[in-house]
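Undergrad: Generate coordinates for the sequence data below:
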Amino acid sequence: MDKLRTAVVGAGKMGEIHARVYSELPQSNLVALVDIDLDKAKRLAKKYHCEAIRDVAELVGKVDAVTIAAPTSEHFALAKPLIEAGIPVLIEKPLASDVGQAKAIVELAKQTGCLVAVGHSERCNPVVQAIKRLQIEPKFIEAARISPYPFRSTDISVVLDVMIHDIDIILSLAASKVKKVDAVGIGVIDPNTEDICNARITFENGCIANVTASRLALKTERKVRVFSRQAYISVDYLKKTGVVVKAAPNVDVVEKIRQFKKAGTFALLTQNWQDLLHVEKLDVNDAEPLRLEQQAFLHAVADRSLRPEVSAEEGLAAMECADMIMESMREHKWE
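TA: Modelled structure (predicted):
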């Protein structure tokens, strides 16, 4: 694979991470950093030995792929000229500031045939990749993502800032259309912007998800549990660890307990429940999520028969679900 000329739009924290990864990937030649604050762009460009640019329009003809890591409110305006020029873009999550703009990005990509990916990097978290390899059919998913107040991205709801990660993962696992959403949330720091939210998502295939997000917690926690007929899975995103209790190896245990229950002799069972079960550690590869995300994007740019980890359509679906959650919160507004 020949090296692709790459650029990053946004010289903030996320922009610098993307720039570092692009500078390290063998299939990437980082040629430019773009930011409306040119001095900021120059400082980062100097670090990664590339050109500093103020306007995305200057990228046309100079690059083969671009990552947009600017504030969400600017995603549409920055992506539009690049997509119109046929330059593949990876847009950091969420895809846009609202569903209308997200739909416009998807439609423009279809019209031009341009590749658009979305930076839901948590989909590339090794534990999520490990769950994906198990190919299970979830019936119930429980996710929690909480942390102390971050003092950033607080101009948008916790749903778009934090919960959007789990919404995307849940949609990919459930593999079904959303049927119904019930949610409640509250803004504590700013009454007009929710800091805490809990949502219950019901899918057309019967799967149900319960998801909680908070940026007012006393600790940081990112966990998910998945229940299915094939297995029970519990994972910790932060520790990149997880356990799997598969149904098949535990059939004998279940049957044994059924027989004891039928005979009314539970008292004869002296073992601990955990000791009876066959439990496996989740097979997790310790890879950097953002690196996997960028690699998948660049491979899709080079070979259009491949797809990025998260497509524009999937990014839109996550936003539409988030919109349903925020609408439900408004309907169940705390007085």
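Undergrad: What ranges does this protein have for its helices?
TA: 13-24, 38-47, 75-84, 99-112, 126-134, 158, 164-174, 251-263, 273-276, 289-302, 312-331 (DSSP state H).
Undergrad: Next, count neighbours for Lys13.
TA: 10 (other Cβ atoms under 10 Å). Every residue, glycine included, has its C-beta placed from N, CA and C.
Undergrad: most tightly surrounded among the helices of the chain?
TA: Mean neighbours per residue, mean count of other Cβ atoms under 10 Å, is largest over these for helix 158, with a mean of 26.
Undergrad: Starting from Lys40, give me the distance back to Lys110.
TA: Distance of Lys110 to Lys40, computed by Cβ to Cβ, to the nearest Å: 34 Å.
Undergrad: Let's have the helices of the chain in CSV, adding mean pLDDT.
TA: Listed next are the helices of the chain as CSV, based on pLDDT from 0 to 100:
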stretch, mean pLDDT
helix 13-24, 96
helix 38-47, 96
helix 75-84, 97
helix 99-112, 97
helix 126-134, 88
helix 158, 93
helix 164-174, 96
helix 251-263, 69
helix 273-276, 64
helix 289-302, 96
helix 312-331, 96
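Undergrad: Compare those and give me the one nearest Gln230.
TA: helix 126-134 (7.3 Å; Cβ to Cβ).
Undergrad: List of residues touching the closest one?
TA: 122, 169, 172-173, 226, 230-231, 233, 235-237, 240-242, 244, 282-287, 289, 292 (Cβ atoms under 8 Å, 6 or more residues apart in numbering).
Undergrad: Quick check: bridge partners of Ile91?
TA: Ile68, Val118 (DSSP bridges).
Undergrad: Now that it has come up, it's in contact with Cys114, right?
TA: No. Ile91 lies out of contact with Cys114 (Cβ atoms under 8 Å); the separation is 11.9 Å.
Undergrad: okay, those two: which has more neighbours?
TA: The residue with more neighbours, out of Ile91 and Cys114, is Ile91; 29 against 19, by other Cβ under 10 Å.
Undergrad: can you tell me which residues contact that one?
TA: Thr67, Ile68, His75, Ala79, Ile105, Val116, Ala117, Val118, Gly119, Ala312, Gly315.
Undergrad: The second one: how many residues sit nearby?
TA: Pointing back at Ile68 there. Neighbour number of Ile68 under other Cβ under 10 Å is 27.
Undergrad: how near is it to Gly119?
TA: On the measure of Cβ to Cβ, Ile68 and Gly119 end up 8 Å apart.
Undergrad: Per-residue confidence, the residue nearest to Asp155 when sequence neighbours are not counted, what does it come out as?
TA: Nearest-residue entry for Asp155: Thr193, 6.8 Å, with adjacent residues in sequence omitted and distances by Cβ to Cβ, 6 or more residues apart in numbering. Thr193 carries a pLDDT value of 88.
Undergrad: ok, Thr193 touching Val159?
TA: No. With contact defined as Cβ under 8 Å, Thr193 does not count as touching Val159 (10.0 Å).
Undergrad: how about JSON lines for the contacts of Ile91, with distance to Asp2 added?
TA: Listed next are those as JSON lines, based on distance: Cβ to Cβ, whole Å:
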{"residue": "Thr67", "distance to Asp2": "19"}
{"residue": "Ile68", "distance to Asp2": "23"}
{"residue": "His75", "distance to Asp2": "29"}
{"residue": "Ala79", "distance to Asp2": "25"}
{"residue": "Ile105", "distance to Asp2": "28"}
{"residue": "Val116", "distance to Asp2": "22"}
{"residue": "Ala117", "distance to Asp2": "20"}
{"residue": "Val118", "distance to Asp2": "25"}
{"residue": "Gly119", "distance to Asp2": "24"}
{"residue": "Ala312", "distance to Asp2": "25"}
{"residue": "Gly315", "distance to Asp2": "28"}
